[in-house]
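Chemist: sequence unknown, structure follows:
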């Protein structure tokens, strides 16, 4: 895709962290909503404005990621998650987010503390490959 230069972008965030100025709409790319939090409180608690589980790993892969302790186990998770992202639905969703990143500011995120061991780091790589503007 060919995009003109813009100042709009996607931010990759930890859900529940304080919002940054200009972050825009916060999208939760997680398999499940937060437990013990009323739906009406998600945005006020800086969790997310919109729940978008389409780009979350499958339930089996979430379990694999949460139990991965070695680099080999993480690489196995990453390989399997990238295969899921190549399916038609996720591909279209990724293309949409990449295109939107040149028109408006928004953020995507997950609950994981360590971004390097979170699917959002993989989403970041894939979105960059699709020409997304990422801050």
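Modeler: Done, it's in. If you're wondering where the values come from, they're calculated on a predicted model, not measured in any experiment.

Chemist: I'd say residue 133 and residue 103 touch.
Modeler: No. With contact defined as Cβ atoms under 8 Å, residue 133 and residue 103 do not form a contacting pair (9.5 Å). C-betas here are computed from N, CA, C, even on glycine.

Chemist: what about the two, which has more around it?
Modeler: residue 133 (19 against 11; other Cβ atoms under 10 Å).

Chemist: how much space between the more buried one and residue 17?
Modeler: Using Cβ to Cβ, to the nearest Å, we find residue 133 at a distance of 21 Å from residue 17.

Chemist: mind checking how far residue 80 is from residue 87?
Modeler: Counting by Cβ to Cβ, the gap from residue 80 to residue 87 is 12 Å.

Chemist: who's more crowded, these two?
Modeler: residue 80 (16 against 10).

Chemist: quick check: pLDDT value at the more buried one.
Modeler: We have a pLDDT of 97 for residue 80.

Chemist: please name the nearest non-neighbouring residue to it.
Modeler: Distances taken as Cβ to Cβ, 6 or more residues apart in numbering place residue 61 nearest to residue 80, at 5.7 Å, with adjacent residues excluded.

Chemist: residues contacting the one you found?
Modeler: 77, 80-81, 84 (Cβ atoms under 8 Å, 6 or more residues apart in numbering).

Chemist: return the member of the residues you listed nearest to residue 26.
Modeler: Distance ranking of these against residue 26, using Cβ to Cβ, places residue 81 first at 21.5 Å.

Chemist: which of the helices and strands in the protein ranks last by mean pLDDT?
Modeler: Using mean pLDDT, DSSP states H and E, helix 59-67 stands out as the lowest-scoring helix or strand of the chain, at a mean of 92.

Chemist: which element follows that one toward the C-terminus?
Modeler: helix 71-85 (DSSP states H and E).

Chemist: hmm, who's touching that next one?
Modeler: Against helix 71-85 from outside (Cβ under 8 Å, 6+ apart): 55, 57-58, 61, 64-65, 67-68, 90-91, 94, 117, 119, 122-123, 126.

Chemist: ok, 7 Å please
Modeler: The contact list for helix 71-85 (Cβ atoms under 7 Å, 6 or more residues apart in numbering) reads 57-58, 61, 64-65, 68, 90, 94, 117, 119, 122, 126.
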